[in-house]
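K.L.:
Output the structure for:
(one chain, ligands or ions: 1)
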Amino acid sequence: MLEVKDLHVAYGRARVLFGVDLQAPPGSLVCLMGRNGVGKTTLLKAVMGVLPARQGTVLFDGRDITRAHVHARVRAGLGYVPQGHETFPQLTVAENLQVARESTPKARPGTLDEALDLFPALRGLLKRRAGFLSGGQQQQLAIARALVTEPRMLLLDEPTEGIQPSIVQEIEAAIRQLHATGLTILLVEQYLELALRLADHFVILDAGEVVRAGAATELHNDEGVRRLLAV
Ligand SMILES: Nc1ncnc2c1ncn2[C@@H]1O[C@H](COP(=O)(O)OP(=O)(O)OP(=O)(O)O)[C@@H](O)[C@H]1O
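P.N.:
Sure, this is the predicted structure:
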């Protein structure tokens with residue numbers, strides 16, 4: 001479904017990714033891991049088109065989207081939940097969802113209800129401004145907002161970072177449920193145990209390069225991996 005080949009990305013002169021390869025087959029849940037600052041967010045942004053690729057290709061369903069605009073990628077079926085969720089704080093929960101819904105007029109009418117079924121607590125908060133929600137509720141809103149665009153693949157950047165444990169469990173359950181429905185997921189996650197519970201494939205970045213990749217089962221009891229993640 002997603003194939004990244006020899007991807008190079010830089011911020012001005014500061015080069016951050018050096019020839020990254022990554023594959024996410026249809027229906028897979030790939031966990032992207034690595035210490036702080038190794039380039040995980042940069043990779044997601046380049047897949048989403050928020051940052052340009054200096055070199056390399058991004059294929060989605062076999063189609064070269066390396067130069068496509070973000071909107072075109074959303075229409076092609078990519079959904080993105082950025083780190084720190086980035087909801088619109090002045091808009092209500094309902095308005096946040098509506099804005100996303102309008103960007104994809106062809107999405108089925110039922111998508112909003114399905115997103116709210118995943119996070120029922122949001123139903124009671126529809127009229128509240130997003131800025132007044134807890135961090136965990138905002139994260140749930142950010143995921144719901146990506147889902148109303150009816151993605152076939154979801155990019156999730158550290159959805160559990162800084163979130164209270166009870167909501168982490170709800171988010172983990174939601175990710176598991178989405179994966180079970182066949183959604184392909186690329187998840188950036190720092191907590192190895194959570195990654196092990198959810199992922200079927202993993203990719204570890206170090207200093208902008210892929211240093212390990214494979215089936216999640218290979219991660220269990222692997223001391224080398226724990227060193228790479230500094231856990
Ligand atoms: N806007 C920017 N301008 C310049 N350098 C940046 C910018 N954003 C990130 N970087 C640098 O790029 C490198 C990779 O950052 P990135 O956020 O992709 O890492 P990460 O693996 O997602 O880290 P974290 O786990 O802390 O989110 C870091 O060295 C960071 O300082």
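K.L.:
what's the burial count for Q140?
P.N.:
Applying other C-beta atoms under 10 Å, we find 29 residues neighbouring Q140. Quick note: C-beta positions are derived from backbone N, CA and C, even for glycine.
K.L.:
residues touching the nearest residue to A215 once chain neighbours are set aside, list them.
P.N.:
Distances taken as C-beta to C-beta, 6 or more residues apart in numbering place H201 nearest to A215, at 6.1 Å, with adjacent residues excluded. H201 makes contacts with A24, P25, S28, L29, V30, C31, A213, G214, A215, A216, as judged by C-beta atoms under 8 Å, 6 or more residues apart in numbering.
K.L.:
counting contacts, what elements does the longest helix seen in the chain pack onto?
P.N.:
Once the chain is assigned using DSSP state H, the helix that runs over the most residues is helix 165-180. With contacts defined as 3 or more C-beta pairs under 8 Å, 6 or more residues apart in numbering; DSSP states H and E, the packing partners of helix 165-180 are helix 111-118, helix 135-147, strand 184-188, helix 192-198.
K.L.:
Tell me which residues are up against the last one.
P.N.:
If I follow you right, that is helix 192-198. Applying C-beta under 8 Å, 6+ apart, the set of residues contacting helix 192-198 from outside is 29, 31, 33, 160, 168, 172, 175-176, 179, 187, 189, 202, 216, 219-220, 225-226, 229, 231.
K.L.:
Just the buried ones from those residues?
P.N.:
With neighbours counted by 16 or more other C-beta atoms under 10 Å, these contain buried members at 29, 31, 33, 160, 168, 172, 175, 179, 187, 189, 202, 216, 219, 225, 229.
K.L.:
Give me the phi and psi for the first one.
P.N.:
To tie it back to what came earlier, the one meant is L29. Here is the backbone geometry of L29 (degrees, to the nearest 10): phi -120, psi 110.
K.L.:
quick one: it from the ligand, how far?
P.N.:
Between L29 and the ligand the distance, using C-beta to the nearest ligand atom, to the nearest Å, works out to 19 Å.
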